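Novice: Curious how this folds, go ahead:
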Amino acid sequence: MGVISVSTDCDHDVAGILSAAFADDPVMAWVSDKPEFVPTLFHMVLPAFIRHGLTYVEAQGRGAASWLGPGAKVKWPYLRFLTFLRVCGIPGVYRLLLSGAKIDKYHPRDPHYYLFAIGAPPAHQGQGVGSLLIAEMLRRCDQEQVPAYLENSKEANLAFYQGHGFEVIRQIRFAKDAPPLWMMWREPRQ
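Specialist: Take a look at the predicted model:
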């Protein structure tokens, strides 16, 4: 069991893997309850992360993780606005834009590695796939002495991230009726 760095010509469907992993995500469901929203989001957004060279898939395709390096910027697919409008309607687009603005407002400005998404489809959860995937980059964070940051949308996942050295630095909600989102930070280890 190992991990493979993903390039644009990867045989694995990283968007499909993460879509399955996030199918029951409370924040995603708050943005849009339409079943095609999560797959559409990952298929449209992941290429912007993959081109930075920090996206990994477990060797057997049982999980994936996508990171962004210190100082790297993502070009968001705003030109695909009509696709999002079709998939999640005006309320969903509003919630998507609201969530993006709030995340950007609180996103740390200090240099760090940013874990955009990590997950395994339900059939492969609890088998160490997530730990394998996150450990790959955390070793790099430690070697380079650079912190790591993520936003966690599931309370049940707090223990997993805390077990890998992350601490909650802030909890936010995008609106009064939105589920919580935990912003988590990990200092590099010596």
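Novice: Look up the closest residue to Glu155, ignoring the ones flanking it.
Specialist: Pro180 (7.3 Å; C-beta to C-beta, 6 or more residues apart in numbering). The C-beta positions use only the backbone N, C-alpha and C, and glycine is treated the same way.
Novice: ok, then the element right after the worst-scoring helix or strand of the chain on mean pLDDT?
Specialist: Using mean pLDDT, DSSP states H and E, the weakest-scoring helix or strand in the chain turns out to be strand 3-5, at a mean of 59. The helix or strand immediately downstream of strand 3-5 is helix 14-21, counting by DSSP states H and E.
Novice: Report all helices and strands that whatever helix or strand comes next after that next one contacts.
Specialist: Of the helices and strands lying after helix 14-21 in sequence (DSSP H and E), the nearest is helix 26-31. Helix 26-31 is packed against helix 37-50, helix 81-106, with contacts defined by 3 or more C-beta pairs under 8 Å, 6 or more residues apart in numbering; DSSP states H and E.
Novice: buried stuff in helix 26-31?
Specialist: By neighbour count with 16 or more other C-beta atoms under 10 Å, helix 26-31 contains the buried residues 27-31.
Novice: now swap in stretch 57-74 and tell me
Specialist: Result for stretch 57-74 [16+ other C-beta under 10 Å]: buried residues 57-58, 61-69.
Novice: Provide the secondary structure category for the most centrally placed residue in the chain.
Specialist: Nearest to the mean C-alpha position of the chain, by C-alpha atoms, centre = their mean, lies Ala117 at 1.8 Å. Three-state assignment for Ala117 (DSSP: H, G, I helix; E, B strand; the rest coil): strand.
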